[in-house]
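Novice: pasting the sequence and the predicted model now:
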Amino acid sequence: MKLFFIRHGQTDWNLKGKIQGSSDIELNEIGVKQAEELSKKLLAENYSFSKIYSSSLKRAAKTAEVLSENTNIEYVTLDGIKEMNFGLWEGLSWSEVKDKYPSEYEEWFIKRRYTKTPKGESYQDMLERVLMAIYNIINENSENVVIVTHSAVIMSIQCYLTSTSFDQMTKFKTDNGSVVEIDTDLFR
């Protein structure tokens, strides 16, 4: 069985370089077009999947909704696959975080997997939540599924599955509307 992880379409905060995290930001016009184009790509390339799961945040849910409408496959939202909660850093750019929270940022940057952001989660907190949701998805399905989620989620899963240090996670960075295919055997 395969899991097709899809990063949601573009938002205005993506364009502005703002940290979205758990903030519930809508897709912009380009993001909706990306979801439409992604749907066409999945159909044209004969991706086979029986269900669509989506983060409950608006940007992912709208991407899943567009995909669902174009493929006639139902989608379900799950809180467990939401983006990491970046706490007080949400709405800021990374340079603003470095300026406003220099010591917190430095500690987080060095030990980012296990260090919580101020009033937020650590990557490990998020990863544990996401893995629980993924194992439930795997146990409930016997056919390929789509999981519409977020950049930090996809990067963290790839670090976890490849035993890559989280300070190297940006090598797994995905563009808005892109697909990452992962075989469920890697989760066993």
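Specialist: Okay, I see it. Residues are numbered from 1 along each chain as shown.
Novice: pretty sure Ile52 is in a strand, no?
Specialist: Yes - using DSSP: H, G, I helix; E, B strand; the rest coil, the secondary structure at Ile52 is a strand.
Novice: count the neighbours of it for me.
Specialist: 22 (other C-beta atoms under 10 Å). Backbone N, C-alpha and C define where each C-beta goes, glycine included.
Novice: how much space separates it from Asn144?
Specialist: According to C-beta to C-beta, to the nearest Å, Ile52 stands 11 Å off from Asn144.
Novice: go on, Ser56?
Specialist: From Ser56 to Asn144 the distance is 22 Å (C-beta to C-beta).
Novice: more neighbours: those two, which one.
Specialist: Between Ser56 and Asn144, Asn144 has the larger neighbour count (other C-beta under 10 Å), namely 17 against 14.
Novice: got the contact list for that one?
Specialist: Met1, Lys2, Leu3, Phe4, Tyr47, Ser48, Phe49, Ser50 (C-beta atoms under 8 Å, 6 or more residues apart in numbering).
Novice: what's the pLDDT at it?
Specialist: Asn144 carries a pLDDT value of 97.
Novice: how far away is it from Ile19?
Specialist: Taking C-beta to C-beta, one finds Asn144 at 32 Å from Ile19.
Novice: on that earlier part again, just curious, which of the contacts of Asn144 is nearest to Asp175?
Specialist: Phe4 (15.0 Å; C-beta to C-beta).
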